[in-house]
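Visitor: here is a sequence together with a model predicted from it:
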Amino acid sequence: AEMYFKDEPEMRELFSRWPEAIDNTLVVAEMCAGKCTPLHDPKLPRFPVPEGETEESFLTALVYEGLEERFAEAAKKGAPVDEALYRERIEEELGIICRMGFAGYFLIVQDFINWAKQQGIPVGPGRGSGAGSLVAYALRITNLDPIPYGLLFERFLNPERVSMPDFDIDFCTDRREEVIEYV
């Protein structure tokens with residue numbers, strides 16, 4: 001019966017011994033009310049791309065190269081792949097990533113994850129909303145193909161909700177420091 005927000009008269013009755021407590025709630029609320037705004041937009045480092053390339057064009061080239069490798073791996077296993085579906089999804093994701101200005105972020109993440117793998121440092125297969133990105137799968141940021149599982153890219157990066165993408169990445173604790181040093 002007591003599980004509701006009491007109105008002001010009920011609170012004044014409840015705290016009749018301390019009327020200043022009720023008066024001060026408004027003072028405290030007004031002091032707490034405010035709008036938090038970031039001091040600046042996030043600033044990502046530029047990824048060093050080959051001469052004549054932009055981050056967007058280089059990312060696109062790496063993604064399509066990686067997608068072809070994934071198709072070849074599936075063919076070796078005898079797994080049928082609807083290549084048109086994958087290419088359409090890749091185009092959509094790349095469009096969003098590039099429009100939102102996150103091509104460099106994907107390049108940076110794929111760089112240090114693939115470096116760790118080349119060094120023999122165990123890296124998790126991918127988890128969280130980032131596993132819904134086919135671009136991440138093509139770049140080997142994740143090893144989870146989102147298509148068969150119906151995973152949505154929009155849970156990871158959505159133009160309607162502008163925020164930094166955030167890959168959940170697991171590295172072997174024994175050699176994590178090497179990856180941090182590389183980054």
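Guide: Sure, I can see it.
Visitor: quick one: the helices in this structure, in order.
Guide: Counting by DSSP state H, the chain has helices at residues 8-14, 19-32, 55-76, 83-99, 103-118, 134-138, 146-149, 176-182.
Visitor: please identify the buried residues of the last one?
Guide: This means helix 176-182. Buried residues in helix 176-182, counted by 16 or more other CB atoms under 10 Å: Val179. Where C-beta positions appear, they are placed from N, C-alpha and C, glycine not excepted.
Visitor: check the offset of it from the chain's centre.
Guide: The chain centroid and the centroid of helix 176-182 are separated by 21 Å under CA atoms, centre = their mean, to the nearest Å.
Visitor: chain center to the helix or strand of the chain with the lowest mean pLDDT, what's the gap?
Guide: Between all helices and strands in the chain, the lowest mean by mean pLDDT, DSSP states H and E belongs to helix 19-32, at a mean of 84. How far helix 19-32 lies from its chain's middle: 39 Å, per CA atoms, centre = their mean.
Visitor: show me what it is packed against.
Guide: Applying 3 or more CB pairs under 8 Å, 6 or more residues apart in numbering; DSSP states H and E, one finds that helix 19-32 contacts helix 8-14.
Visitor: for the helix it packs on, output the C-alpha coordinates as CSV.
Guide: Only the C-alpha atoms of helix 8-14 are listed here, as CSV (Å, rounded to 0.1, in the frame of the first residue of the first chain):
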residue,chain,number,x,y,z
GLU,A,8,3.7,17.0,-1.1
PRO,A,9,1.0,17.1,1.6
GLU,A,10,1.6,13.4,2.4
MET,A,11,5.4,14.0,2.6
ARG,A,12,4.9,17.1,4.8
GLU,A,13,2.8,14.9,7.2
LEU,A,14,5.3,12.1,7.1
